[in-house]
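Chemist: 3D, please:
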Amino acid sequence: MASVNFSFTSSIPPCTIRKSNSSRTSTTIQPTASLITAHESNSLPQQSTTRRCECFDMYKHVVPFADAWSWQKSILEDRKALIDSNEDGLDTLIVLQHQPVYTLGTASSENHLSFDIKDPPLPLYQTERGGEVTYHGPGQLVMYPIMNLRFHKMDLHWYLRALEEVVIRVLSSVFTLKASRVTGLTGVWVGGKKLAAIGIRVSRWLTYHGLALNVCTDLSPFNWIVPCGIKDRGVGSIKGLLSDSCSIFNDGELIDTAHESLLKEFCEVFQVELCHQPIPSLLRFPKSTQ
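Modeler: I've put the predicted structure just below:
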């Protein structure tokens, strides 16, 4: 996914995890008033009407990358057909975890792999998304928005900053972690560690691929690659950053809390109403043990 070559120091505040009283996500999530206060977020547009977005919420399921990739492209082609017939389709959001996998973006270099590309330690896929090599695996929440930017803002830089904003809000408001972005670069950082990678593809103003947030991910597979092409900076996870300040949570609680907040902030930033859909029968996968 897109790389960031940047470092800064930041102390990790005492652990504070805020949870809702409900243990389940409601069928429909609507945005409330905007919470954007950072200067770099002032450009996020406020839509006059709330757009509906179908949501396939599989956040506890561990899905093979190839299946999710194929599913995204199928939805994308359906949306293109609607555009050709001057019809409007709903936006779509897919939320899941992946089985361990490496993916390469359009800017990837074999120099950033510490293994023979013909004999990788994990499945390896060359994709059409932007950015460099990254790892996906259990304990990492992945969001794939398939959105028609004609109904939001036809600006790829705005879209990337909006995805970053979703993660920054989650980390700061729920986990009290001081997250940041870097002007001209893509991703979300806490201290010198990158917690969220973003890599997208846009075709006819329709987005696919998306973002990955390390919640309680096993980070050891990153040792086989140069994550996002950054040679002198590491990756981190929410669990890793919080473990020094408290131990009152388990992996399942972290995943549940991060997931709930991601959906909420996604609705806020993009001004959409999530309409939860049943998981297609052909996409029934085992649940994560996280």
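Chemist: quick one: the residue sitting furthest away from the middle of the chain from residue 99, how far?
Modeler: Most distant from the centre of the chain: residue 85, at 30.9 Å, with distances by Cα atoms, centre = their mean. The spacing between residue 85 and residue 99, counted by Cβ to Cβ, to the nearest Å, is 36 Å. Where C-beta positions appear, they are placed from N, C-alpha and C, glycine not excepted.
Chemist: now do residue 273
Modeler: 31 Å.
Chemist: starting at the chain centroid, how far to the helix or strand encompassing residue 209?
Modeler: Assigned by DSSP states H and E, residue 209 falls within strand 206-214. With Cα atoms, centre = their mean, to the nearest Å as the basis, strand 206-214 stands 5 Å off its chain's centre.
Chemist: now do stretch 168-185
Modeler: Relative to where its chain is centred, stretch 168-185 has its mean C-alpha point 13 Å off (Cα atoms, centre = their mean).
Chemist: Flag every buried residue along it.
Modeler: Neighbour counts over stretch 168-185 (16 or more other Cβ atoms under 10 Å) mark 168-172, 174-177, 179-181, 185 as buried.
Chemist: Quick one: these as TSV, columns for distance to residue 114, secondary structure and pLDDT too.
Modeler: Output for the buried residues of stretch 168-185, formatted as TSV (distance: Cβ to Cβ, whole Å; DSSP: H, G, I helix; E, B strand; the rest coil; pLDDT from 0 to 100):
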residue	distance to residue 114	secondary structure	pLDDT
168	31	helix	98
169	34	helix	98
170	31	helix	98
171	29	helix	97
172	34	helix	96
174	34	coil	94
175	31	coil	94
176	35	coil	93
177	29	coil	95
179	28	strand	96
180	28	strand	93
181	28	coil	83
185	24	coil	77
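Chemist: ok, back up a step: quick one: average pLDDT of the strand holding residue 209?
Modeler: Computed over strand 206-214, the mean pLDDT rounds to 98.
Chemist: Could you do stretch 65-80 as well?
Modeler: Mean pLDDT, stretch 65-80: 97.
Chemist: residues of that stretch that come out buried?
Modeler: Residues of stretch 65-80 classed as buried under the neighbour-count rule (16+ other Cβ under 10 Å) are 65, 68-69, 71-72, 75-76, 79.
Chemist: for these, which one is nearest residue 127?
Modeler: Distance to residue 127 across those (Cβ to Cβ) is lowest for residue 69, with 6.9 Å.
Chemist: Isn't that closest one up against residue 125?
Modeler: Yes - taking contacts as Cβ atoms under 8 Å, residue 69 lies within contact range of residue 125: 7.2 Å.
Chemist: so where's the chain shaky on pLDDT?
Modeler: For the chain, applying pLDDT under 70 flags the ranges 1-48, 226-233, 244-248, 282-286, 288-290.
Chemist: Go through it and flag its longest strand.
Modeler: Longest strand of the chain, by residue count under DSSP state E: strand 51-63.
Chemist: Quick one: the helices in the protein, in order.
Modeler: Assigned by DSSP state H, the helices in the chain fall at 65-84, 156-173, 238-242, 251-270.
Chemist: Same list (those helices) but as CSV, adding distance to residue 277.
Modeler: Formatted as CSV, these follow (distance: least, Cβ to Cβ, whole Å):
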stretch, distance to residue 277
helix 65-84, 11
helix 156-173, 20
helix 238-242, 27
helix 251-270, 14
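Chemist: Mind checking those for the one nearest to residue 203?
Modeler: Closest approach to residue 203 among the helices of the chain (Cβ to Cβ): helix 65-84, 6.6 Å.
Chemist: Give me the packing partners of that closest one, helices and strands only.
Modeler: Helix 65-84 is packed against strand 91-98, strand 124-126, strand 140-146, strand 206-214, with contacts defined by 3 or more Cβ pairs under 8 Å, 6 or more residues apart in numbering; DSSP states H and E.
Chemist: Tell me the helices and strands packed up against the strand holding residue 209.
Modeler: Packing contacts for strand 206-214, counted by 3+ Cβ pairs under 8 Å, 6+ apart, involve helix 65-84, strand 140-146, helix 156-173, strand 193-203.
Chemist: Select, out of those, the one closest to residue 210.
Modeler: Closest approach to residue 210 among the helices and strands packed on strand 206-214 (Cβ to Cβ): strand 140-146, 4.4 Å.
Chemist: How about residues contacting the closest one?
Modeler: 53, 59, 68, 72, 75-76, 79, 91-98, 136, 163, 166, 206-215, 217, 255, 258-259, 262, 266, 270 (Cβ atoms under 8 Å, 6 or more residues apart in numbering).
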